[in-house]
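**Student:** got a structure for you, letters missing:
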């Protein structure tokens, strides 16, 4: 389990707990959760990057939206770009925020967002979440398997079901201006990023009862 998502009070409660197997709530988290009627803390996440490959690009921004509506986010700054640090601090903050959740849900995230973030974190010497530390679900895989549309892009799936998608669509010229630290461009990208996670959350709530949630990790 992800102990970083727990407060000190929650950790103490788990340590005092004893299940039928005579283990505490940290050693046997499933037993503790079942006994206390707890559910996973889920975050919907998305990255915006300067390039589709992590050895040629950087993370411009990320957003993680909680079920309670809390939005954790970070966008790169002009100073970070021109200092040569680039997305190092963005990576550090992403890992810190990701660890506040038990499960992250993304869109095409198994093939893009998660490996991209891991690559940039490893390059920057940041402690990326380890295997089994945070669970991960790629909602795109569910849509591909359970739906039959001409495309499984989020921008296609959401409007089809009447779910609001982006008011700030992908614009290559804006993404290019981000590399110069242009504040208007970076603000646009962050807004686009926020819209994506809100859309993702709504689409997942439509799909979640049509699949079995696995135990894959980020």
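**Tutor:** Arrived safely, thanks for sending. Quick caveat: nothing in here was measured; it's all calculated off a predicted structure.
**Student:** pLDDT weak spots in the protein?
**Tutor:** By pLDDT under 70, the low-scoring segments of the chain are 1.
**Student:** leaving out sequence neighbours, find the closest residue to residue 18.
**Tutor:** With CB to CB, 6 or more residues apart in numbering as the criterion, residue 18 has its nearest non-adjacent residue at 6.4 Å, and that residue is residue 24. Yep, even glycine has a C-beta here, placed from its N, CA and C like the rest.
**Student:** remind me which helix or strand the one you found belongs to.
**Tutor:** Taking DSSP states H and E as the definition, residue 24 sits outside all helices and strands.
**Student:** can you get me a residue count around it?
**Tutor:** Other residues near residue 24 come to 16 when the count uses other CB atoms under 10 Å.
**Student:** cool, residue 9 as well?
**Tutor:** A count of neighbours around residue 9, defined by other CB under 10 Å, yields 8.
**Student:** mind listing what's buried along the lengthiest helix in the chain?
**Tutor:** Secondary structure of the chain per DSSP state H: the longest helix is helix 183-207. Of the residues in helix 183-207, those buried by neighbour count under the rule 16 or more other CB atoms under 10 Å are 185-186, 188-204, 206-207.
**Student:** beta-bridge partners for the residue most central in space within the chain, please?
**Tutor:** Central residue of the chain (CA atoms, centre = their mean): residue 45, 2.5 Å from the mean position. Taking DSSP bridges as the rule, residue 45 bridges to residue 64.
**Student:** how close does it get to residue 73?
**Tutor:** Residue 45 sits 10 Å away from residue 73 when distances are taken as CB to CB, to the nearest Å.
**Student:** mind listing the shared neighbours of the two?
**Tutor:** Common neighbours of residue 45 and residue 73 are listed as 62-64 (criterion: CB atoms under 8 Å, 6 or more residues apart in numbering).
**Student:** what subset of those is buried?
**Tutor:** Buried among those (16+ other CB under 10 Å): 62-64.
**Student:** residue 2 reaches residue 130, doesn't it?
**Tutor:** No - applying CB atoms under 8 Å as the test, residue 2 and residue 130 come out as separate, 10.1 Å apart.
**Student:** more neighbours, those two?
**Tutor:** Remark: of residue 2 and residue 130, residue 2 carries more neighbours, 20 against 9, as counted by other CB under 10 Å.
**Student:** residue 128 versus the more buried one, what's the distance?
**Tutor:** In this structure, residue 2 lies at 13 Å from residue 128, with CB to CB as the measure.
**Student:** please enumerate the shared neighbours of the two.
**Tutor:** By CB under 8 Å, 6+ apart, no residue touches both residue 2 and residue 128.
**Student:** name the residues that touch stretch 96-115?
**Tutor:** Stretch 96-115 is contacted by residues 1-2, 4-5, 40-47, 52, 54, 62, 64, 66, 72, 74, 129, 133-141, 154, 196, 200, 203-204, 213, 216, 218 when judged by CB under 8 Å, 6+ apart.
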